[in-house]
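In: Structure of the sequence below:
(one chain, ligands or ions: 1)
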Amino acid sequence: MELSAPDGARTLFGERFATAARYTELLAVAGVERGLIGPREVPRLWDRHVMNCAVVEEAIPAGVDVVDIGSGAGLPGVVLGILRPDLSITLVEPLLRRTVFLRECVAELGLDNVVVHRGRAEDARGEITADIATARAVAPLTRLAGWALPLLRKDGSLLALKGEQAAAELAAARKDLSKQRPCVAEVIRVGHGKVDPATTVVRVTVTTGSAQAAPTKSQRTPGGRAKRGRKR
Ligand SMILES: C[S@@+](CC[C@H](N)C(=O)[O-])C[C@H]1O[C@@H](n2cnc3c(N)ncnc32)[C@H](O)[C@@H]1O
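Out: Numbering: from 1, shown residues only. Below you'll find the model as predicted:
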C-alpha cells in the first residue's frame, strides 16, 4: 500500500525516511489486518501517529536507555528507534499478538537498537532500568507513573504523550506523583513547526537515586502482598 507522506515527514526523518515509510506501511496493512490499528486511522497514520510520536525525540538526550511502556503496535517506541539509532530502546508490551508484530517490525526494519520485552511494566522493576520512559495512551498519569518511575535512574524522566487535557490531568495527579517518588513534573510541547498541533507531553523527572520500596514481583506472594522481611 502506498501512503503519501506529508512533506514534513521527509524533513523530519531525513535519511531515515524510507524506514519510517516502511513502518507506516506495516501499520497500514499488517497492523490493520491484525486489529492493532483501526482502519479509519490509515489516512492519518503519518500525521496523527508517526510524526506526532517522532517529535518526542526533542525531549530525549543523546545515547540514553529508553523504555516504551505499552508499545502496542510500536507507538512511540518503534518510531523513536527509527529516528534515533543512538538510543537503546526496550518496548514493553504484555499482549502476545502485539509483541509478535513488534518483533516482526524490528526484524524487517533492521532496528538493532530496539528490543521487545513481553510483560507488564509494573513487573519489569529490577529487569529494566532506563533514563527515559515513554508512553502514549496507556493509563491515567498516576497509574502510569507508578509503573514508570521505579524503572528510572536519577534525573530520568517519564514522557507521557497526552492530549489537550494534560495540564488538568497533571494538576489532579501532582500530589500522588510526589508520594510515589520525589520528582518534578511539567507539561511541555514538542514539535513546533513540525507537527500541527504540537505534541503535548507530561514530563515527570525523578530527583532521587532509587524508588521508594515498592515490592518487586519476586518479593510478592501469590496473593499479591509483599513478603515481610524477618525481624531480627
Ligand atoms: C491503547 S494501547 C496504546 C498503544 C500505543 N502506545 C499507541 O499509542 O498506539 C495501550 C497498550 O498498553 C498496553 N498495556 C496495558 N497495560 C499495560 C501494562 N501494565 N504494562 C505495559 N503495557 C500495558 C496494552 O496491551 C496496549 O498495547
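In: Now do Asp47: how many residues are near it, please.
Out: By the criterion of other Cβ atoms under 10 Å, Asp47 has 15 neighbours. (Each C-beta comes from the backbone N, C-alpha and C, glycine too.)
In: same question but for Thr19, I mixed them up
Out: A count of neighbours around Thr19, defined by other Cβ under 10 Å, yields 19.
In: didn't Ala148 look like it was pressed against Ile69?
Out: Yes: between Ala148 and Ile69 there is a contact under Cβ atoms under 8 Å: 5.9 Å.
In: Name the residues contacting each of these two.
Out: Here Ala148 and Ile69 share the contacting residues Ala121, Ala133, Ala135, scored by Cβ atoms under 8 Å, 6 or more residues apart in numbering.
In: Keep only these that also lie close to the ligand.
Out: For the ligand, the contacts drawn from the shared contacts of Ala148 and Ile69 by Cβ under 6 Å from any ligand atom are Ala121.
In: Mind listing the strands the strand ranked longest in the chain pairs with, and their directions?
Out: When the chain is parsed with DSSP state E, its longest strand is strand 152-162. Sheet pairing for strand 152-162, assigned by DSSP bridges, gives strand 130-136 (parallel), strand 199-206 (antiparallel).
In: who's in contact with the last one?
Out: This points to strand 199-206. 52-53, 55-56, 59, 141, 145, 148-149, 152-164, 166, 169-170, 177, 181-191.
In: Using neighbour counts, trim the residues you listed to the buried set.
Out: When the contacts of strand 199-206 are checked for burial by 16 or more other Cβ atoms under 10 Å, the buried set is 52-53, 55-56, 141, 145, 148-149, 152, 156-162, 166, 169-170, 177, 181, 183, 185, 187, 190-191.
In: winner for burial among the strands paired with strand 152-162?
Out: strand 130-136 (a mean of 25; mean count of other Cβ atoms under 10 Å).
In: So which elements touch the helix or strand just after that strand?
Out: Next along the chain after strand 130-136, taking DSSP states H and E as the criterion, comes helix 141-148. Packing partners of helix 141-148 (3 or more Cβ pairs under 8 Å, 6 or more residues apart in numbering; DSSP states H and E): strand 65-69, strand 130-136, strand 152-162, helix 166-180, strand 199-206.
In: okay, the ones you listed in JSON lines with mean pLDDT next?
Out: Shown next, in JSON lines, are those (pLDDT from 0 to 100):
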{"stretch": "strand 65-69", "mean pLDDT": "98"}
{"stretch": "strand 130-136", "mean pLDDT": "98"}
{"stretch": "strand 152-162", "mean pLDDT": "97"}
{"stretch": "helix 166-180", "mean pLDDT": "95"}
{"stretch": "strand 199-206", "mean pLDDT": "97"}
